[in-house]
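Q: what follows is a predicted protein model with its sequence.
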Amino acid sequence: MTHAATAVPVRTGDRHWDDHLPAWLLSAAALALCVFLLLPIGTLLAESVQDDLGQFSLTRFREFAATAGMLTAVWNTLWVAAVVTLVTVPLAFLYAYAIQRACIPLTGLWRIVGLSALLGPSLVGAISFIQWFGTQGVLKSWLGDNSVYGPVGIVMATVYASFPHALMILVVALATADGRLYEAADALSASRWRKFRTVTLPGARYGLISAALVVFSYSVSEFGIPKVIGGNFQVLAVEMYVQVIGLQNFGRGAVVALLLLVPVLVAFVVDWQIQRKQQASLTARAVPYRPKPDWRRDLPLLVYVAAMSIAMLGVLGMAAYTSLVSFWPYNLALTANHYVYGLAEAGVLDAYLNSLKLAALTALVGTPFIFVTAYLVEKTRGGPAWLRPALQAMTALPMGIPGLVLGIGYILFFNHPDNPLNGLYHTVAIMVVANVVHYYTSCHLTALTSLKSIDREFEAVSASLKVPQYVTFWRVTLPVCLPAVLDISRYLFINAMTTVSALVFLYSPQTLPASVSILNLDEAGELGPAAAMATLIVLTCLIVSLLYALASHFLLRRHQAWRHFKR
Amino acid sequence: MAHLEIQHLTKRYGSFVALDQIDLAIEEGEFVVLLGPSGCGKTTLLRAIAGLELQDSGHVFHAGRDISRLPPARRDYGIVFQSYALFPNLSVGDNVAYGLNSQKGDRKVARQGVTHRVSEMLELVGLPGTEGKFPAQLSGGQQQRIALARALATSPDLLLLDEPLSALDAIERVRLRSEIRSLQTRLGVTTIMVTHDQEEALAMADRIVVMKNGQIQQVGKPQEIYRSPSNDFVADFIGRGNLIEAQPVGIQHVRAGDLTLRCSVDIDQSRSHRFYVRPEDIRLHNILDDCENSFNAQVLKYEFLGPYALVTLEANSGQRRPLVAQFSSNYLDGRPIHAGSILRVGIPAEHLRPMPANA
């Protein structure tokens, strides 16, 4: 038995160069993620635990704690996030429940309206709520003595902005139900409430926890909303912006970034653990649940969904209306002045073109990188054993890092005079990279899910037929995964178009993106042009979404005829 | 050296030993079936031969060439998986031609050659004219035939089948297994198939390799494996069986409980022996028939299973487990057997097979 333990050495002479190619490419991807994700975040951590001379110390934390108002900012951030979570999750759950588990008409429409907030920057909600409930607001009386500038406005706008994120998770959570459990409950003559409590809620509990964590993280790391509608209400995200941009105090900024990172990272780790548990919950033998019509359930839900939809369209509509009104609220004549004079003549329209370019580049660069990396992780072999786990960990990390934190990490890392990549700072390239990294995780998971759903023996079959793996990638894997690829590129485009957080530290006057320009216009008191820019972004995202829908419809028709055959 | 020779092949996953010093020689044109319960290492062995798993140590020689460390593409085999693994976005014709396209040469002549080869292969698997269809339009059995055509289109020297019939329904499975066997005989391609279905193995194989815990338990023709299993595991795994422990009382005679039985071979007098009896080898006698090796037994349970019946019997044989006998319905001819009744049964001496001593 002794010779069994002596491994036969690998003779590299037997192997061809393309046997090593996947491992090389994968190492290159890992290196890229190291440079553009780990090192900036590492620099941020290092910066926060140094004093001004570069020695290890916790001085900056002590100074931070001693600064007036900072602890208030921490407390405010947390309680606002908690309130937003407590409001958003039940609202979204009921909405998702109506779409998935009731027999109401027009579910497709309700679903699109429910996700409509994704089409614009989070600032759209803030601007719109100012118009509805602000000093000159139409519905100001609804708030009584409360001012919309402050926690009330922040909560409302954040609920609006985070609603689609919760809705997406809950729609999926409620889509997969085992019909046999409901049949068993019916057979045991369980009441409607008991079925809901003992079958529906436990079935969706992972989704609920996940949605709550996502909304909480969203609220903690949201920066644009409190900046626009928060008034003097202090929150961490704005505090960090003030430290870095206003006071140029990068050390203090790093400390605040760390405080921002901690709750989000904790939420993310908890969510990650829960997701792993969830996988076994639905077996392959489950029978999909099909709701039966019942007006006592359907009618109230329909009313609820319609009311929510009207409210959400009201938010978008008010932003569009504001952009067309001459001088709110004194002169309500419709005009294109905000677009013509406020944007085009003022030279701000360049920002819109910058954003288009940025979004297109993010989609064009990010999609192939993310998809090919996911493919290499999932479908190739070779390379050192630690490579794939390390890459998986790095692809999961961006979900747990707020955009602002990533942004300040980029400043600290790339702006350092000794960094050979210093030239990237203030370029479009760095903004594209920041966007790709910031939205990496969702895209990676989309790619991975679609790759996992195809037969895992394709690579083995093509190897046995002596067809190189890249040919099979091109002829089979890519066409089969085309819907996922389109999804990823659309997601990247729209997010790059609407994001504020990571970019607010990275732009230069020449590369100012549209979403950030809204912030600047608002700061200058130019609410009309700000609304006009927001409307432009929403319209662009809407048109791009429609184009994507058309493109995928056309592509699936033309080149994917095989999908339509069902025996 | 045999056509395919495996020497001391070992593969571990952490502390789990998937393959433990496997030695196996397969002759050209043979149909060998790797049989065993899940986790026995049969699939790992197949994948190691294919180069899809890399062994920790040991060698694989194919047609005199050491292929132990070669990547899959530099070995010479076709493979068919349980999941068919047909490319869903390519037509049946393109699927079968997938391995043919890579050969370079005059484009037009090459294309004609490919088209001709594809229709030839589809003809071979009994699905002519299906070139233009997509895999999703075919039944499971048809898809598996296409996968077979694709694997054979490049005329590989070795055909590897990884549970090719397991995803099919019972009728289709029986039909396709005889088709695969006759196709293999016609083409003469050396074939290795993995299965956990003993009936499939017995029906298809030239030789069966029974595996357990990463080790080969027995290699032999189906009849040998069935008739003279080399150990308890093989006896148990292939068909049903009775084990009878007995003490020698003569050159060919043993005593088990109250029964004295003769076996057809001379036995070692110095130790006790275990004998193996297939249920269908137990005979049913007339109650007054007093022939050799016959005895009375009480019926504990009677199970009617269509073409045959299983009868659990209690005889005074001194064994812990009762005897199980199998009587064909044809043989019983409608005679009823009731639980509690006494039957006269016998074990012909040649069917009392001694098990190896240390198995």
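A: It's in.

Q: where are the low-confidence patches of chain A?
A: A:1-19, A:176, A:277-287, A:559-561, A:563-567 (pLDDT under 70).

Q: what's the local residue count around residue B:37?
A: Applying other C-beta atoms under 10 Å in any protein chain shown, we find 13 residues neighbouring residue B:37. Just so you know, the C-beta spots here come from the backbone N, C-alpha and C atoms, and that holds for glycine as well.

Q: so it touches residue B:212, yeah?
A: Yes - applying C-beta atoms under 8 Å, one finds residue B:37 in contact with residue B:212, separated by 7.0 Å.

Q: overlap in contacts of these two?
A: Jointly contacting residue B:37 and residue B:212 under the rule C-beta atoms under 8 Å, 6 or more residues apart in numbering or on different chains are residue B:237.

Q: and the closest residue to chain A within the stretch 1-150 of chain B, what element?
A: Proximity of the stretch 1-150 of chain B to chain A (C-beta to the nearest C-beta) peaks at residue B:99, 3.0 Å away. Using DSSP states H and E, residue B:99 falls within no helix or strand.

Q: just for chain B, where's the confidence low?
A: Checking chain B against pLDDT under 70 turns up B:101-109, B:358-359.

Q: the domain parsing of it - what is it?
A: Domain segmentation of chain B under automatic domain parsing yields B:4-237, B:242-354.

Q: how long is the first one from one end to the other?
A: What it means is domain B:4-237. 26 Å (C-alpha to C-alpha, to the nearest Å).

Q: quick one: the helices in chain B?
A: Counting by DSSP state H, chain B has helices at residues B:42-50, B:92-97, B:107-124, B:140-153, B:170-187, B:198-204, B:222-227, B:232-237, B:329-332.

Q: helix, strand or coil for residue A:511?
A: With DSSP: H, G, I helix; E, B strand; the rest coil as the basis, residue A:511 sits in coil.

Q: residue contacts, the spatially most central residue of chain B?
A: Nearest residue to the geometric centre of chain B (C-alpha atoms, centre = their mean): residue B:201, 2.4 Å. For residue B:201, the contacting residues are B:33, B:35, B:195, B:208, B:222, by C-beta under 8 Å, 6+ apart.

Q: do residue B:4 as well
A: Residue B:4 sits next to B:25, B:26, B:49, B:60, B:61, B:62, B:63, B:158, B:190, B:192 when contact means C-beta under 8 Å, 6+ apart.

Q: how about the residues of the stretch 101-250 of chain B by chain A?
A: B:101-102, B:134-139, B:150-151, B:154, B:156, B:160 (C-beta under 8 Å from any C-beta of the partner chain).

Q: of all those residues, which comes closest to residue A:220?
A: Lowest distance from residue A:220 to those (C-beta to C-beta) belongs to residue B:136, with 46.5 Å.

Q: from what I can see that closest one touches residue B:84, true?
A: No - using C-beta under 8 Å, residue B:136 makes no contact with residue B:84, being 10.9 Å away.

Q: and those two? which has more neighbours close in?
A: Neighbour count, other C-beta under 10 Å: between residue B:136 and residue B:84, residue B:84 has more, with 25 against 15.

Q: up against chain B, what does the stretch 401-550 of chain A have?
A: Residues of the stretch 401-550 of chain A lying near chain B (C-beta under 8 Å from any C-beta): A:454-455, A:457-458, A:460-468, A:471, A:475-476, A:479-480.

Q: ok, now with 7 Å
A: Within the stretch 401-550 of chain A, the positions near chain B by C-beta under 7 Å from any C-beta of the partner chain are A:455, A:457-458, A:460-461, A:463-467, A:476, A:479-480.

Q: please pick the buried ones from these.
A: Buried members of those, scored by 16 or more other C-beta atoms under 10 Å in any protein chain shown, are A:455, A:457-458, A:460-461, A:463-467, A:476, A:479-480.

Q: now intersect those residues with the helices, please.
A: Among those, the residues falling in helices (DSSP H) are A:458, A:460, A:461, A:463, A:464, A:479, A:480.

Q: which residues does the last one contact?
A: It stands for residue A:480. A:454, B:88, B:89 (C-beta atoms under 7 Å, 6 or more residues apart in numbering or on different chains).

Q: mind running it again at 8 Å?
A: With C-beta under 8 Å, 6+ apart, residue A:480 has these contacts: A:450, A:454, B:87, B:88, B:89.

Q: find the nearest non-adjacent residue to the second one, please.
A: Residue nearest to residue A:454 in three dimensions, not counting chain neighbours: residue A:480, with 5.3 Å by C-beta to C-beta, 6 or more residues apart in numbering or on different chains.

Q: how close does that neighbour sit to residue A:468?
A: 18 Å (C-beta to C-beta, to the nearest Å).

Q: tell me, how many residues neighbour residue 262?
A: Using chain A here. With other C-beta under 10 Å as criterion, residue A:262 counts 11.

Q: wrong one, I was asking about chain B
A: Neighbours of residue B:262 under the rule other C-beta under 10 Å: 16.

Q: please apply the same query to residue A:138.
A: 13.

Q: what strand or helix carries it?
A: Using DSSP H and E, residue A:138 falls within no helix or strand.

Q: the closest residue to it other than its chain neighbours: what's it in contact with?
A: Closest residue in space to residue A:138, ignoring its immediate chain neighbours: residue A:132 at 5.8 Å, by C-beta to C-beta, 6+ apart. Shown in contact with residue A:132 (C-beta under 8 Å, 6+ apart): A:138, A:139, A:314, A:315, A:318.

Q: tabulate the residues you listed in CSV, adding columns for distance to residue A:190.
A: Converted to CSV, those look like this (distance: C-beta to C-beta, whole Å):
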residue, distance to residue A:190
A:138, 47
A:139, 43
A:314, 39
A:315, 39
A:318, 45
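
Q: of all those residues, which comes closest to residue A:380?
A: Of all the contacts of residue A:132, residue A:380 sits closest to residue A:315, with 46.1 Å by C-beta to C-beta.

Q: the closest one in helix, strand or coil?
A: Per three-state DSSP, residue A:315 ends up helix.
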